[in-house]
Each structure stands twice: as C-alpha cells, then as structure tokens.
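K.L.:
Can you look at this prediction? I've put the sequence above it.
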Amino acid sequence: MITEHETFHRLMQEKNRFIVPAIIFSLIFYFTLPILTSYTTILNTPLIGDITWAWAFAFSQFIMTWTLCVLYSRRARRFDALVEQLKDEVRS
C-alpha cells in the first residue's frame, strides 16, 4: 500500500511544511484588510496623494497571491520528484 512507504510520509511532511504556514499566512493577510477597514480608520490615511493605505494594502494582496503561486510552483517540482520516486518504489 502506498501510504505505508517512507517516501509517501516524507512527501506529505514536505507538503504540509509548506502548505499549512502558507494557508495560515494568506488567511491572516486576506482578512486583515476587511477587519481593519471595518473596525478602524488606520488605512484611511493618505499614502500618496489621494491613494490611501487601504488601496496599497488591497494591491499588495495581488502581489502576495502571485508570490505564493510562484513559490508553490517551484516547490511543486520537489513534490513531483518525490511522487515519481514513490511510483518507482511501488512498481518494484
């Protein structure tokens, strides 16, 4: 059975070491904007001209999303290598 292989356990540990902190960070980052805009006025202060910190924070969420996607894509190469190793072990 695949779940009994050491490679499978290593794959799951590596995936969880990346995915769990990434999810926690992104949830905190995403929910910070609606919480701050709903319950405080701190993001209403101007950053540059008429652009407030709320707009800057909202734009930074796009950048953070793209960054996480790139990081995951790079990390997925390692995951794929472990999957291939696992498939070879199961076949033999």
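P.N.:
Okay, I see it.
K.L.:
Pull up the gap between residue 84 and residue 1, please.
P.N.:
Distance, residue 84 to residue 1, by C-beta to C-beta, to the nearest Å: 18 Å. For glycine as for every other residue, the C-beta is placed from the backbone atoms N, C-alpha and C.
K.L.:
who has more neighbours, those two?
P.N.:
Between residue 84 and residue 1, counted using other C-beta atoms under 10 Å, residue 84 has the larger neighbour count: 11 against 6.
K.L.:
what helix or strand is that one on?
P.N.:
helix 53-91 (DSSP states H and E).
K.L.:
Can you mark which positions in that helix are buried?
P.N.:
Applying a neighbour-count criterion of 16 or more other C-beta atoms under 10 Å, one finds 54, 57, 68, 75, 82, 86 buried in helix 53-91.
K.L.:
Pick the one among these closest to residue 32.
P.N.:
Minimum distance to residue 32 across the buried residues of helix 53-91 is 7.6 Å, recorded for residue 57 (C-beta to C-beta).
K.L.:
contacting residues around the residue nearest the centre of the chain?
P.N.:
Centroid check for the chain by C-alpha atoms, centre = their mean gives residue 22 as the closest residue, at 3.4 Å. Counting by C-beta atoms under 8 Å, 6 or more residues apart in numbering, residue 22 touches 68, 71-72.
K.L.:
before we move on, back to that, from the chain's centre, how far out does the helix holding residue 84 sit?
P.N.:
Here helix 53-91 is found 7 Å from its chain centre; the criterion is C-alpha atoms, centre = their mean, to the nearest Å.
K.L.:
and that helix, what other elements does it pack with?
P.N.:
helix 6-39, strand 46-48 (3 or more C-beta pairs under 8 Å, 6 or more residues apart in numbering; DSSP states H and E).
K.L.:
strand partners of the shortest one, parallel vs antiparallel please.
P.N.:
The pairing partners recorded for strand 46-48 under DSSP bridges are strand 51-52 (antiparallel).
K.L.:
Now find how far off-centre the strand it pairs with is within its chain.
P.N.:
27 Å.
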